[in-house]
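Student: Would you be able to build a 3D model of this:
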Amino acid sequence: MKSEMIITLGEGKKVDAEFGGFTIHTDQSTYAGGEGSAPEPFTLFLASIGTCAGIFVSSFCQSRGIPTEGVRIVQSHYAKESGRGIGKIELSIELPPSFPEKYRDAVINAANLCAVKKHIQDPPEFVVTAVTR
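Tutor: Residues are numbered from 1 along each chain as shown. This is a model prediction of the structure:
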């Protein structure tokens, strides 16, 4: 099965992605020559990790009737020893005092089901081509 996302180039450093009826806008920071009008693509990549985990945590709680108020995920990034790139991503699920203790490990397991994380751990093959249309 194949699905397509259409990427279009805008003015300056703006690049948009169209998929499933949504348009995701990106831009570069002013430091990188953009206008800073939208998140940078790498920021969206990082956000996809935490928000994906959040979907699984939310679904876990909802399926057990556990209120999600006060639940949040803090995502921390640690640089590689070389200083270039990210060497470690840490997700800390903050739970309110009312969260049932018996589900503490299970909510971690739910977050670990994140499809974005799984794709990073078992990456797809990348093929880049140029065609004339």
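Student: For the top helix by length along the chain, which residues meet the burial criterion?
Tutor: Counting by DSSP state H, the longest helix found in the chain is helix 41-63. For helix 41-63, burial by neighbour count (16 or more other Cβ atoms under 10 Å) applies to L46, S48, I49, G50, C52, A53, G54, I55, F56, V57, F60, C61. (Each C-beta comes from the backbone N, C-alpha and C, glycine too.)
Student: In JSON lines: those, plus distance to K14.
Tutor: Below are the buried residues of helix 41-63 laid out as JSON lines (distance: Cβ to Cβ, whole Å):
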{"residue": "L46", "distance to K14": "19"}
{"residue": "S48", "distance to K14": "19"}
{"residue": "I49", "distance to K14": "24"}
{"residue": "G50", "distance to K14": "24"}
{"residue": "C52", "distance to K14": "25"}
{"residue": "A53", "distance to K14": "28"}
{"residue": "G54", "distance to K14": "27"}
{"residue": "I55", "distance to K14": "27"}
{"residue": "F56", "distance to K14": "32"}
{"residue": "V57", "distance to K14": "32"}
{"residue": "F60", "distance to K14": "37"}
{"residue": "C61", "distance to K14": "37"}
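Student: neighbouring contacts of the longest helix of the chain?
Tutor: 15, 24, 26, 39, 66-68, 71, 73, 75, 77, 86, 89, 91, 93, 103, 106-107, 110-117, 120 (Cβ atoms under 8 Å, 6 or more residues apart in numbering).
Student: Going by neighbour count, which of those are buried?
Tutor: Here, 16+ other Cβ under 10 Å leaves 15, 26, 39, 66, 71, 73, 91, 93, 103, 107, 110-111, 114, 116-117 buried among these.
Student: from those, which is closest to P124?
Tutor: P124 lies nearest to V116 out of the buried ones among the contacts of helix 41-63, by Cβ to Cβ, at 12.0 Å.
Student: Please report how far that closest one lies from P96.
Tutor: According to Cβ to Cβ, to the nearest Å, V116 and P96 sit 25 Å apart.
Student: Could you do F42 as well?
Tutor: 32 Å.
Student: One more: T132?
Tutor: Counting by Cβ to Cβ - T132 and P96 are separated by 57 Å.
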